[in-house]
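*Asks:* all I have is the shape, not the residue letters:
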């Protein structure tokens, strides 16, 4: 229900489910703290990556839904803004996550979009697109890009991606595997 987690969608969700206090609060919480945490919704779980204060607020508010917590090593403090410490790389091998802007169609012409998709398809062992919105946009099934991301295995593949679509890239997250 919370996907996509854009501010506009969260406001719409709040208006649709006014009587469901937990959902309204969670939407407000995400909007208020988006820049202080990372989160994802997977199956029927909500997973939050945050500091101790944000974690405590979430646990106190959603105690009856809380299933556990994992503390990541203090090494995380040494990471830069776009680095994330993890115990396992996404899909076991991807070190980078390339996020597209939610209005990428304004930045890429059809040729650039086609070239990006061809590059990603040619390099299936090193690039993985799992987001259906990104796939639909790149395959011309949808004229709009509502944001999303894809994975890249090695840094050397980022250079051609930047050359093909730099203006449409919001940011790149580097996953650093915990030792």
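*Replies:* Great, that's in hand. If you're wondering where the values come from, they're calculated on a predicted model, not measured in any experiment.

*Asks:* okay, and the nearest residue to residue 128 once chain neighbours are set aside sits in which element?
*Replies:* Excluding the flanking residues, the one nearest residue 128 by C-beta to C-beta, 6 or more residues apart in numbering is residue 151, at 4.4 Å. Where you see a C-beta, it was placed from the backbone N, CA and C, and this is true even at glycine. Assigned by DSSP states H and E, residue 151 belongs to strand 148-152.

*Asks:* after that strand, next one along is what?
*Replies:* Following strand 148-152 toward the C-terminus (DSSP H and E): helix 158-165.

*Asks:* continuing past that next one, what's the next helix or strand?
*Replies:* strand 169-177.

*Asks:* surely residue 169 touches residue 99?
*Replies:* Yes. Here residue 169 reaches residue 99: they are 7.0 Å apart, a contact under C-beta atoms under 8 Å.

*Asks:* quick one, domains of the protein?
*Replies:* Here the domain parsing of the chain from automatic domain parsing is 7-71, 90-177.

*Asks:* out of those, nearest to residue 80?
*Replies:* Nearest to residue 80 among the domains of the chain is domain 90-177; the distance by C-beta to C-beta comes to 8.1 Å.

*Asks:* from the chain's centroid, how far away is the closest one?
*Replies:* Computed by C-alpha atoms, centre = their mean, to the nearest Å, the chain-centroid distance of domain 90-177 equals 12 Å.
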